[in-house]
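Colleague: Okay, here's the prediction I keep looking at, along with the sequence it came from:
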Amino acid sequence: MNHKQFQKRVYLFFTSLLILAVETGIIFYVWFWHYNTGIPKAFYFWGHVFIAVVYMAMLLFSSFMFGGLKIGSFRMIELTLSQGFATLVTNILFYAIICLLAYRFPTLIPLILGMLVQCVAIGVWIIASTLGYRALFPPIDVLLVYGGSRQDIILEKFKTRRHQFTVTKSLSVKEDIGMIEEEIPKHEAVMLWDIPNEIRNTVFKSCYENDVDIYVSPKIMDIVLKGSQNLHLFDTPLLFTKSDPIEAEQRMIKRAFDIIFSLIMIVITSPIMLVTAICVKACDGGSVFYKQVRCTKGNREFEIIKFRSMIEAAEEDGKARLASRNDDRITPVGAVIRKIRVDELPQLFNVLKGDMSFVGPRPERPKMIEDFTKEMPEFSYRTKVAAGITGYAQVYGKYNTRPYDKLKLDLYYIENFSIWLDLRLLILTVKTLFMTWSAEGVAEGAGVTLEGDEDE
């Protein structure tokens, strides 16, 4: 670890410790003066220490889960949402503990007031910590080495993270390899983006030898290999990749969770679905539900159910296309229910039926899968598991993320599957619902194209 990286980690450690301590102190005050006196047997010194440690541990776990401590990596609005949700989840759990200690349901008012003070502290902390980080650690000087001809797409991605990276020079792999190797030591980091394997290996070795940090946009097989198991059968390391990444017992647990949780969610959200159905019907008198053929595990076709958010016969020409920004096919009610994702609620019945899971790759239309697979055969890999309401690509990507990038995210989920990962993605989905930019449509006229990188 170089000196700059060490300084960053020290800065992040102490800033994270600060907000955790401040938030814990606020809730400890609420506990000490409002809840401790209302339980059958009041706590004393070590009991209070225990309560404070438990609260801080829960807050630390939630903060890591939601990414609320990622100063320098997330934008301020993302950090605010992330740490805000972490605090909310922690306070809900803490209130459950208070109820167990008190043998009743104490008033929520002190805890709510305490959380409002926490939110103010979070806002001040995020602004101060982020500005301090950016003052101490300017964006990393990056050399971009890219393949293909879509340099503009890559640079557009970097613009969303200009506080982290500054691409000071871009070189195509079509340039002389010697020129690229000469340029490497002049930069803090090198980003390798969609370049042929042979050239990538040469550039990678040169970066490693010159102690230059390396960022790599992985190819499909890189992601599959990342999910491999390490074996030591001989005196040579081996990587083992299963043809079926999910074990039988994992499938049973996943299916049992889908059945139980879908039933619970159907009961809880039934009033919301009833109100939504009335609003959709009243808007233009058309059908309440929108049904469409999609594909799930093994390319099996099924009929997905959603609340209708577009005009009737929105695709009467038969051509499949994503919703664009300011799409005139979207109804007034549809714009609202799409924004808050209420249109997805009827899919709970798809989950209960077994067509879908709560977590998995987004179910695509047969025509789209056929078209994408012609240009990118690896696209069929994502049907190794059941389609999902939410998933890795839905949480970490956006509605208009390119199919090739969504495929990478979906394959990462498939190859690294665990029940814990499913739970984590479900929790993170709650935060994603409030990040409206994750649901933005494609640009006008962009259509549904791969604009893809080639996997060589």
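Modeller: Nice, I can see it.
Colleague: so what does the lowest-mean-pLDDT helix or strand in the chain touch, helix or strand wise?
Modeller: Within the chain, no helix or strand scores below helix 151-159, which has a mean of 80 by mean pLDDT, DSSP states H and E. Using 3 or more C-beta pairs under 8 Å, 6 or more residues apart in numbering; DSSP states H and E, the elements in contact with helix 151-159 are strand 140-146, strand 165-172. C-beta here means a position set from N, CA and C on the backbone, and glycine is covered the same way.
Colleague: which residues are contacting that helix?
Modeller: Residues outside helix 151-159 that contact it (C-beta atoms under 8 Å, 6 or more residues apart in numbering): 142, 144, 146, 165, 167, 170, 172, 193, 402, 451.
Colleague: May I see the residues you listed organised as a markdown table, with pLDDT added?
Modeller: Formatted as a markdown table, these follow (pLDDT from 0 to 100):
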| residue | pLDDT |
| --- | --- |
| Val142 | 92 |
| Leu144 | 91 |
| Tyr146 | 88 |
| Phe165 | 89 |
| Val167 | 90 |
| Ser170 | 89 |
| Ser172 | 88 |
| Trp193 | 87 |
| Arg402 | 79 |
| Glu451 | 46 |
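Colleague: in the stretch 1-150 of the chain, what spans have low per-residue confidence?
Modeller: For the stretch 1-150 of the chain, the stretches with pLDDT under 70 are 1-2, 149-150.
Colleague: before we move on, back to that, can you tell me which of the helices and strands packed on helix 151-159 is most buried?
Modeller: Mean neighbours per residue, mean count of other C-beta atoms under 10 Å, is largest over these for strand 140-146, with a mean of 21.
Colleague: follow-up on the earlier one: specify the angle between the least confident helix or strand of the chain and strand 140-146 in degrees.
Modeller: If you take axes from the mean of the first three to the mean of the last three C-alpha atoms, to 10 degrees, helix 151-159 sits at 160 degrees to strand 140-146.
Colleague: export helix 151-159 as PDB, just CAs?
Modeller: Presented in PDB, the C-alpha positions along helix 151-159 are these (Å, rounded to 0.1, in the frame of the first residue of the first chain):
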ATOM      1  CA  GLN A 151     -14.200   6.100 -26.500                       C
ATOM      2  CA  ASP A 152     -17.000   8.600 -26.000                       C
ATOM      3  CA  ILE A 153     -19.100   6.100 -24.000                       C
ATOM      4  CA  ILE A 154     -16.200   5.300 -21.700                       C
ATOM      5  CA  LEU A 155     -15.400   9.000 -21.100                       C
ATOM      6  CA  GLU A 156     -19.100   9.700 -20.400                       C
ATOM      7  CA  LYS A 157     -19.000   7.200 -17.600                       C
ATOM      8  CA  PHE A 158     -15.900   8.900 -16.100                       C
ATOM      9  CA  LYS A 159     -17.700  12.200 -16.100                       C
END
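Colleague: Flag every buried residue along it.
Modeller: 151, 154, 158 (16 or more other C-beta atoms under 10 Å).
Colleague: The closest residue to Ala21 other than its chain neighbours: what's it in contact with?
Modeller: Leaving aside its chain neighbours, Ala21 sits nearest to Met56 (7.5 Å; criterion: C-beta to C-beta, 6 or more residues apart in numbering). Counting by C-beta under 8 Å, 6+ apart, Met56 makes contact with 20-21, 24.
Colleague: about what we covered before: closest to Val124 among the contacts of helix 151-159?
Modeller: Taking C-beta to C-beta as the measure, Val124 lies nearest Phe165 of these, at 26.9 Å.
Colleague: pretty sure the closest one is touching Leu144, no?
Modeller: No. Phe165 is beyond contact range of Leu144, at 9.2 Å (criterion: C-beta atoms under 8 Å).
Colleague: Between the two, which contacts overlap?
Modeller: Common neighbours of Phe165 and Leu144 (C-beta under 8 Å, 6+ apart) are 158, 191.
Colleague: Can you show me the strands along the stretch 301-450 of the chain?
Modeller: With DSSP state E, counting those that start in this stretch as the criterion, the stretch 301-450 of the chain has strands at 301-307, 357-359, 388-390.
Colleague: Now distance to Glu209 too, for the ones you listed, in TSV please.
Modeller: Below are those laid out as TSV (distance: least, C-beta to C-beta, whole Å):
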stretch	distance to Glu209
strand 301-307	51
strand 357-359	41
strand 388-390	42
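Colleague: Tell me where the model's unsure across the stretch 201-350 of the chain.
Modeller: The stretch 201-350 of the chain contains residues with pLDDT under 70 at 313-326.
Colleague: in what helix or strand does Gln250 lie?
Modeller: Using DSSP states H and E, Gln250 sits within helix 248-284.
Colleague: Which SSE is immediately downstream of that helix?
Modeller: Heading C-terminal from helix 248-284, the first helix or strand you meet, by DSSP H and E, is strand 289-295.
Colleague: okay, now the domains of the protein?
Modeller: 3-136, 140-217, 248-439 (automatic domain parsing).
Colleague: Mind checking these for the one nearest to Gln229?
Modeller: Judging the domains of the chain by C-beta to C-beta, what sits closest to Gln229 is domain 248-439, at 10.7 Å.
Colleague: Provide the backbone phi and psi angles at Val288.
Modeller: Here is the backbone geometry of Val288 (degrees, to the nearest 10): phi -80, psi -40.
Colleague: start at 7 instead
Modeller: Understood, numbering begins at 7; the last thing we discussed is Val294.
Colleague: one step back: what angle separates the least confident helix or strand of the chain from strand 171-178?
Modeller: Using the same axes, to 10 degrees: helix 157-165 against strand 171-178 is 160 degrees.
Colleague: Which single one of the buried residues of helix 157-165 is nearest to Ile186?
Modeller: Gln157 (14.8 Å).
Colleague: mind checking how far the closest one is from Val173?
Modeller: 10 Å (C-beta to C-beta, to the nearest Å).
Colleague: tell me, what's touching these two both at once?
Modeller: Common neighbours of Gln157 and Val173 (criterion: C-beta under 8 Å, 6+ apart): Leu150.
Colleague: Where does the residue nearest to Ala27 sit, in terms of helix or strand?
Modeller: Using DSSP H and E, Met62 falls in helix 51-72.
Colleague: Look up phi and psi at Ser79.
Modeller: phi -100, psi -40.
Colleague: quick one: it from Gly73, how far?
Modeller: Distance from Ser79 to Gly73, by C-beta to C-beta: 8 Å.
Colleague: So between the two, which is more surrounded?
Modeller: Neighbour count, other C-beta atoms under 10 Å: between Ser79 and Gly73, Gly73 has more, with 18 against 14.
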